[in-house]
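**Student:** when you get a sec, could you give me coordinates for this:
(one chain, ligands or ions: 1)
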Amino acid sequence: MSHLALAAREVNFDGLVGPTHNYAGLSYGNVASQASKQQCSNPREAARQGLAKMQALMELGFEQGVLAPHERPDIASLRRLGFAGSDAQVLESAAREALPLLLSASSASAMWTANAATVSPSADTHDGRVHFTPANLACKFHRSLEPTTTARILQAMFRDPAHFQHHAPLPSVAQFGDEGAANHTRFSHDHGAPGVEFFVFGRSAFDPRYPEPHRYPARQTLEASQAIARLHGLSEEGVVFAQQNPAVVDQGVFHNDVISVGNAQVLFHHEDAFLDSDRVLDELQGKLARRGGQLQRLCVRRNEISVGDAVRSYLFNSQLLDRPGQGALLVVPDECRQNPAVWDYLQAQVNSAGPLGEVKVFDLKQSMQNGGGPACLRLRVALKPDELAAVNPGVRFTPTLHTQLLDWVDRHYRDRLAPADLADPQLLGEVRTALDELTQLLGLGSVYPFQLP
Ligand SMILES: NCCC[C@H](NC(=O)CCC(=O)O)C(=O)O
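**Tutor:** Model (predicted):
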């Protein structure tokens, strides 16, 4: 067997955009979501844009998987809030009496799988298994509806208890607000070797000495990040906690992955990303060095690119993909090409001796208008060969699955959706028919409320 076949790989599991993708303006603190409120969306195009990215990375030789969307509108949640009768009556009364609740129950936000869970590879954990904790997403009602189904889907993808350990989401309260991998980055010199997990939090819920943003909410708490490190059995030497700079949260950086991205031994970040930056990055560098790695920092100065331009272009919400023997590949949204400061910076980087070898641009406008770029759309799972072999083969992206999913999208998705359409009982029927077929395509079994007894 070649060395490559034996090596651990980082697999990107991309969220397949769901059939109700729409612009409801649900995320206060996420400037794109707010700005797109009530625009008409195109769910078919959104799903196709996501599939095009998956296909391109697969063709470049990266291991790629798919995470299924959720059942929306979420009728069960509306029933919990007191809407009753047939499903059609639930939709009709919610639309009439409480439209914001119907909009929340209809979001396709599970597409941003960087928020699905925090994942620790087996080399880092106390029992040598890959650990998963679905994010509770407790900060926003529409996102708090995701963890139960996410947990079921992850268990259907990573079934073998010899390799995979699934934890329950943290208590669903803002004090343990957890947004998953969007605030978690793992560094190591080899995906199969012990690494350092870098947890970035926005505030502390129990210790008033930590500062907080003034304008927008900080979604991730220190206590949530610490709980995950404990649950996953990470060692002190393999963990660094860093606070996000509250000033950038107030400028629209609602997750750390809007201002920094890291992979393998490279950390690409804005100089304003972290509080007490020198100290935490020294700690990261030291811990990585003790694990045989060498941190390479690519720090963008505010006079090169402002925080505002970083948020508008989503430069740091890029995918940083390591390629043995070559510079890293950076996958960026088209908005980066449209921003002169950002594009000039990237051109200079690829023409230098720095860590970025190449930049690839993708049109992800449908997702970007809700504040979700390339990095938001994927959950990374570093897997050793025997662990990869234990993944449900149905969710591994192949040319055949790509063709099947394109056909599936074209048959089931609308190409126009206005918020008012979400009350249409026909849409709910379309979604359920599509998802029932999808669970068969992906070999997931029954994971959705409408499929369960
Ligand atoms: N990681 C990217 C997450 C984007 C997501 N946007 C949303 O939920 C917007 C939905 C809307 O406004 O319709 C969020 O803010 O959590």
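**Student:** from here on, contacts and neighbour counts on C-alpha atoms
**Tutor:** Fine.
**Student:** the host helix or strand of residue 386: what's the following helix or strand?
**Tutor:** Assigned by DSSP states H and E, residue 386 belongs to helix 385-390. Going down the chain from helix 385-390, the next helix or strand is helix 399-412, by DSSP H and E.
**Student:** what does that next one rub up against?
**Tutor:** 19, 44, 47, 48, 51, 55, 430, 431, 434, 438 (CA atoms under 8 Å, 6 or more residues apart in numbering).
**Student:** name the member of those with the most neighbours.
**Tutor:** For the contacts of helix 399-412, the largest number of neighbours (other CA atoms under 10 Å) sits with residue 19, at 31 neighbours.
**Student:** could you look up the SS state of that residue?
**Tutor:** coil (DSSP: H, G, I helix; E, B strand; the rest coil).
**Student:** do residue 294 as well
**Tutor:** Of the three states, residue 294 takes coil under three-state DSSP.
**Student:** returning to what we had before: of the contacts of helix 399-412, which pair is most distant in space?
**Tutor:** Based on CA to CA, the longest span within the contacts of helix 399-412 runs between 55 and 430 and measures 25.6 Å.
**Student:** quick one: stretch 67-80 near the ligand?
**Tutor:** No - residues of stretch 67-80 contacting the ligand under CA under 6 Å from any ligand atom: none, with a closest distance of 12.7 Å.
**Student:** what of stretch 313-328?
**Tutor:** No - Stretch 313-328 lies apart from the ligand when judged by CA under 6 Å from any ligand atom; the minimum separation is 8.7 Å.
**Student:** could you list the buried residues of that stretch?
**Tutor:** Under the neighbour-count criterion of 16 or more other CA atoms under 10 Å, stretch 313-328 has 313, 314, 315, 316, 317, 318, 319, 320, 321, 322, 327, 328 buried.
**Student:** cool, and stretch 37-46?
**Tutor:** In terms of neighbour count (16+ other CA under 10 Å), stretch 37-46 has its buried residues at 37, 38, 40, 41, 42, 43, 44, 45, 46.
**Student:** nearest spatial neighbour of the first one, chain-adjacent residues omitted?
**Tutor:** Counting by CA to CA, 6 or more residues apart in numbering, the nearest residue to residue 37 once its immediate chain neighbours are dropped is residue 25, at 4.2 Å.
**Student:** from memory the one you found sits against residue 33, does it?
**Tutor:** Yes - with contact defined as CA atoms under 8 Å, residue 25 reaches residue 33; the gap is 4.9 Å.
**Student:** what is in contact with these two at once?
**Tutor:** residue 370.
**Student:** from residue 102, how far off is the most far-flung residue of the chain relative to its centre?
**Tutor:** Relative to the centre of the chain, and counting by CA atoms, centre = their mean, the farthest-placed residue is residue 85 at 35.2 Å. Per CA to CA, to the nearest Å, residue 85 is found 15 Å from residue 102.
**Student:** what's the answer for residue 452, then?
**Tutor:** When distance is defined by CA to CA, residue 452 is 22 Å away from residue 102.
**Student:** I'd assumed residue 347 was in a helix, is it?
**Tutor:** Yes - under three-state DSSP, residue 347 sits within a helix.
**Student:** show me the contacts for it.
**Tutor:** Residue 347 neighbours (CA under 8 Å, 6+ apart): none.
**Student:** and it, how far is that from residue 359?
**Tutor:** 8 Å.
**Student:** what does residue 338 give?
**Tutor:** 14 Å.
**Student:** between those two, point out the one with more neighbours.
**Tutor:** residue 359 (17 against 11).
**Student:** picking up where we left off before, can I get the contacts of helix 399-412 in JSON lines with secondary structure, distance to residue 170 and pLDDT?
**Tutor:** Below are the contacts of helix 399-412 laid out as JSON lines (DSSP: H, G, I helix; E, B strand; the rest coil; distance: CA to CA, whole Å; pLDDT from 0 to 100):
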{"residue": "19", "secondary structure": "coil", "distance to residue 170": "28", "pLDDT": "98"}
{"residue": "44", "secondary structure": "helix", "distance to residue 170": "34", "pLDDT": "98"}
{"residue": "47", "secondary structure": "helix", "distance to residue 170": "30", "pLDDT": "98"}
{"residue": "48", "secondary structure": "helix", "distance to residue 170": "33", "pLDDT": "98"}
{"residue": "51", "secondary structure": "helix", "distance to residue 170": "31", "pLDDT": "98"}
{"residue": "55", "secondary structure": "helix", "distance to residue 170": "34", "pLDDT": "98"}
{"residue": "430", "secondary structure": "helix", "distance to residue 170": "33", "pLDDT": "98"}
{"residue": "431", "secondary structure": "helix", "distance to residue 170": "29", "pLDDT": "98"}
{"residue": "434", "secondary structure": "helix", "distance to residue 170": "31", "pLDDT": "98"}
{"residue": "438", "secondary structure": "helix", "distance to residue 170": "29", "pLDDT": "98"}
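**Student:** tell me the residues of this structure that contact the ligand?
**Tutor:** By CA under 6 Å from any ligand atom, the part of the chain that sits against the ligand consists of 22-27, 30, 33, 107, 109, 112, 370-372, 376.
**Student:** name the member of those residues that has the highest neighbour count.
**Tutor:** Ranked by neighbour count (other CA under 10 Å), these have residue 22 at the top, with 31 neighbours.
**Student:** isn't it up against residue 45?
**Tutor:** No - counting by CA under 8 Å, residue 22 stays clear of residue 45, with 11.7 Å between them.
**Student:** what strand or helix carries residue 263?
**Tutor:** Using DSSP H and E, residue 263 falls within strand 260-263.
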